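K.L.:
okay, sequence plus prediction incoming.
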Amino acid sequence: MIVAERKSIPELTGMLRDHNKVLVLGCGTCVTVCLAGGEREVSIIASALRIASKLEGLNLEVEELTIERQCDNVFIESAAEAVNRNDVVLSLGCGAGVQAIAERFNGKPVYAGLNTAFIGILEERGLWTEKCAACGSCVLHQYGGICPITRCAKHMLNGPCGGSREDRCEVRPDRPCGWQLIYQRLKNIGQLDRLNRIEPPRNWAASLSGGSRVIVREDHRI
Ligand code: SF4
Ligand code: SF4
């Protein structure tokens, strides 16, 4: 899922300072699961904004709404009435959701209430970790299902770097060495011979380095 974090209330009141009626718009998918932008967080942020508005004399009227998915026009339409009766939308969707809302309501300011961080999973209660950098050309099969791009701090496809100590990454000692994990996993599944191969320099054109990406499915465009 996409993992995001809430912006601080002072940052949000700073954005909304010149507006009177704000719709705090949640998203019921990824950001609900990562406890950043679902119905519960909409309610918390809306309440905090009301209090901050009173304290700072901003006169903000705050409406709350959560839709199923902000990145999908099928669901965006259900927010139309609420969007139209407010001056501004504070979206608690991910970056894609915010932009989808802004595209649909092109005469309305739409602000991001979250910082979209990464594609990851809930590793343990209250701890989300990055697992995929959406590189556009997945090589997980070669590395035992552990992503060297995301989980090695140096993004090494021919690792390890040699700096790891006691299974910790030298760049991020609070995280395990990705290459230690790759080695152990390949050993467990009897595929250590994969490490004999030298991975050639990678073509990063399929990643964001090649500019904003598009996927076309001709079979769905008829
Ligand atoms: S190889 Fe690329 S697509 Fe696959 S998990 Fe890693 S970053 Fe994501
Ligand atoms: S210690 Fe491991 S994870 Fe960290 S940069 Fe080196 S090979 Fe990558």
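P.N.:
Nice, thanks for sending it over. Ligands and ions are numbered 1, 2, ... in the order given.

K.L.:
quick one: average pLDDT of the helix of greatest length in the chain?
P.N.:
Secondary structure of the chain per DSSP state H: the longest helix is helix 39-56. Taken as a whole, helix 39-56 has an average pLDDT of 97.

K.L.:
which elements pack onto it?
P.N.:
The elements that helix 39-56 packs onto, with contact taken as 3 or more CB pairs under 8 Å, 6 or more residues apart in numbering; DSSP states H and E, are helix 9-16, strand 21-27, strand 61-67. Placement of C-beta: from N, CA and C, glycine included.

K.L.:
you'd agree residue 86 is up against residue 22?
P.N.:
Yes: Residue 86 sits in contact with residue 22 when judged by CB atoms under 8 Å, with a separation of 6.0 Å.

K.L.:
ok, now how distant is the closest residue in space to residue 9 that isn't next to it in sequence from residue 65?
P.N.:
Using CB to CB, 6 or more residues apart in numbering and skipping residues adjacent in sequence, the residue nearest residue 9 is residue 48, 4.9 Å away. Residue 48 is 17 Å from residue 65, where distance means CB to CB, to the nearest Å.

K.L.:
try residue 133
P.N.:
Residue 133 is 32 Å from residue 65, by CB to CB.

K.L.:
looking at the two, which one has more neighbours?
P.N.:
residue 65 (18 against 15; other CB atoms under 10 Å).

K.L.:
next, work out how far apart the closest residue to residue 135 other than its chain neighbours and ligand 2 are.
P.N.:
Once flanking residues are discounted, residue 135 sits nearest to residue 207: 4.6 Å by CB to CB, 6+ apart. Distance, residue 207 to ligand 2, using CB to the nearest ligand atom, to the nearest Å: 18 Å.

K.L.:
and residue 207, what's its pLDDT?
P.N.:
94.

K.L.:
so which residues on the protein come close to ligand 2?
P.N.:
152-154, 156, 159-161, 163-164, 169-171, 177-179 (CB under 6 Å from any ligand atom).
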